[in-house]
Structures are given as structure tokens and as C-alpha cells.
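Asks: No sequence on hand, only this structure:
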């Protein structure tokens, strides 16, 4: 499955639009990451535990989006975008969405 943030795929023709596809995950912090984040906020710098958590969440969201596109018979997903939002204190959602297409 080809997936891209661009609206086209060089050298390929889009012959059919299968529809919008999405993948999301809501991820919550755990006490170990929260404790380390508190310490890190005192001295500054990247909070690697949270970076790793959001990277994992993004990968899960992409995987779910690709699975939905495959179930629609798509060859590719174009125009992929990501958004995040806070759901409740201590958790956030990452949403991946794009257009599933059939290539010629």
C-alpha cells in the first residue's frame, strides 16, 4: 500500500476514489512517564517517553487507516493528514486521515 501526504503519486494515475479513510488511537500516560516528565520539566529538554508514546500512537493510527483502505480495495492513500487532540486530562488522540484511491 502506497500512502503519502501529497495529492498525487508521480508516474501513477488515480482511476477511482474509494473514499475517505481514517485511523485513530487514544493514548494515555502512565505513572512512570508522568513521573519522568515532571522531573524533565524542572531541567527542560525533550520528554522522550512522551515522544515514543506519540510515535507509537501515530504508527497505530496509520496502520488502522491502511487496513481500512485495503478493505475498500484501494491501492494507495493520498492527501494524508494528522491531527491530535486532548480527550481527557492525561490522554490524547491522534487521528490519521486521507483519501483511499485505486491506481491505474
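Replies: Sure, I can see it. These figures come from a predicted structure and were not determined experimentally. Numbers count the residues shown, from 1 in each chain.

Asks: my guess is residue 68 contacts residue 19, does it?
Replies: No. If you go by CB atoms under 8 Å, residue 68 and residue 19 don't touch, sitting 9.2 Å apart. For glycine as for every other residue, the C-beta is placed from the backbone atoms N, C-alpha and C.

Asks: more neighbours, the two?
Replies: Using other CB atoms under 10 Å as the criterion, residue 68 and residue 19 rank with residue 68 on top: 19 against 11.

Asks: Spell out which helix or strand contains the more buried one, please.
Replies: Here residue 68 sits within helix 48-71, counting by DSSP states H and E.

Asks: Centre of the chain to that helix, how far?
Replies: Centre-to-centre, helix 48-71 and its host chain are 5 Å apart (CA atoms, centre = their mean, to the nearest Å).

Asks: Give me the contact list for it.
Replies: The contact list for helix 48-71, computed with CB atoms under 8 Å, 6 or more residues apart in numbering, reads 1, 3, 18, 21-25, 27, 29, 32-33, 36-37, 76-77, 80, 82, 84, 92, 94-98, 100.
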